[in-house]
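1. how would this look folded up:
(one chain, ligands or ions: 1)
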Amino acid sequence: MARSNGRQLDYRVNWSGVEKLSERDRIIVALDFSSEQEALACADRLQGIATYMKVGMQLYYAAGPQIVYALKERGFNVFVDLKVHDIPNTAKGAMQSLASLGADMVNVHVAGGKDMMTAAKEGLESGAAGQTKPLLIGVTQLTSSSQQMMNDEIGIEGTIVDCAQRYAQLAKAAGLDGVVASPLEVEAIKRSCGPTFKTVTPGVRPRGAELGDQKRVVTPAEAFAFGTDYIVVGRPITQASDPLKAMRAMVESIGG
Ligand SMILES: O=c1ccn([C@@H]2O[C@H](COP(=O)(O)O)[C@@H](O)[C@H]2O)c(=O)[nH]1
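-> Okay, the predicted model is just below:
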């Protein structure tokens, strides 16, 4: 990801000029492992083909900030996916701490409300102290949630698309850079929040792959056709018998 004046851009500059980030560079690999060794072994296997790694709760709680430094040293962009959701003061403090890691993307739950998101943004800005601020992304509805679960268990009425769109508008009003949602909601989010408001979309599976706990699922090619900025893919790559082969097949499926 190229940067200018502390802003992250969707292109990078190389010897031949300015190059727009390819779809391959917009695949974020979710390193859901329980140790630094396993995570780095997988990341090293994907060197040269993957550029963006995600450190979620399982790995961060096991390996600590060191895993972020190790991935950055290897040249990867890093999304630290800790989904902060707390009172505004605590969310602000969490973001102040996270800002010093050198991550490229961090996130909060939109359900924490506008004050919490605003405080998180302030924390990130003060923690970054003049250095490049990571993208701040809000989680709308988890891709493991179904329409029925959202309505009957959580008690939110209406469709998931409407909910994701409303949460995205709230995230935008709080100054966030984008949201996590399913690719199925990207068109509605882009329509109401504009094309530069980022969408980061898990719930992506190659055709025929096991869905696991994901409920709102599309293929990588479909996700990019919906206009998403980033897809997040974990198990189809990391749990494959040959992660490099799985990654190559995915890159091929989206046209290289
Ligand atoms: O709504 C959400 C938010 C985050 N995730 C995370 O993405 C990956 C997906 O992994 P798969 O193995 O490809 O299912 C995982 O780390 C989740 O924590 C999500 O799936 N949905």
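2. and residue 118, how far is that from the ligand?
-> For residue 118, the distance to the ligand (CB to the nearest ligand atom, to the nearest Å) stands at 22 Å. The way it works is simple: take the backbone N, C-alpha and C, and place the C-beta from them, glycine included.
3. and that residue, what does it touch?
-> 88, 174-175 (CB atoms under 8 Å, 6 or more residues apart in numbering).
4. That one is in what secondary structure piece?
-> helix 114-128 (DSSP states H and E).
5. repeat for residue 189
-> Judged by DSSP H and E, residue 189 forms part of helix 186-193.
6. Quick check: the gap between residue 71 and the ligand.
-> Taken as CB to the nearest ligand atom, the span from residue 71 to the ligand is 15 Å.
7. neighbours around that residue, how many?
-> Look at residue 71: counted by other CB atoms under 10 Å, it has 25 neighbours.
8. Now do the SS call for it.
-> helix (DSSP: H, G, I helix; E, B strand; the rest coil).
9. Contacts only, for residue 114.
-> Counting by CB under 8 Å, 6+ apart, residue 114 touches 170, 173-174.
10. could you dump those residues to JSON lines with distance to the ligand and neighbour count?
-> Formatted as JSON lines, the contacts of residue 114 follow (distance: CB to the nearest ligand atom, whole Å; neighbours: other CB atoms under 10 Å):
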{"residue": "170", "distance to the ligand": "16", "neighbour count": "18"}
{"residue": "173", "distance to the ligand": "21", "neighbour count": "12"}
{"residue": "174", "distance to the ligand": "18", "neighbour count": "21"}
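11. Now intersect these with the helices, please.
-> Of the contacts of residue 114, the ones assigned to helices by DSSP state H are 170, 173.
12. can you put the contacts of residue 114 in a markdown table and add distance to residue 224?
-> What follows is the contacts of residue 114, written out as a markdown table (distance: CB to CB, whole Å):
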| residue | distance to residue 224 |
| --- | --- |
| 170 | 26 |
| 173 | 27 |
| 174 | 27 |
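13. picking up where we left off before, for the helix holding residue 189, list the C-alpha coordinates in PDB.
-> C-alpha atoms of helix 186-193 as PDB (Å, rounded to 0.1, in the frame of the first residue of the first chain):
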ATOM      1  CA  VAL A 186     -20.800  -3.800  -0.900                       C
ATOM      2  CA  GLU A 187     -23.000  -2.300  -3.600                       C
ATOM      3  CA  ALA A 188     -25.400  -0.800  -1.100                       C
ATOM      4  CA  ILE A 189     -22.600   0.500   1.100                       C
ATOM      5  CA  LYS A 190     -20.700   2.100  -1.800                       C
ATOM      6  CA  ARG A 191     -24.000   3.600  -3.100                       C
ATOM      7  CA  SER A 192     -24.600   5.400   0.200                       C
ATOM      8  CA  CYS A 193     -21.100   6.100   1.500                       C
END
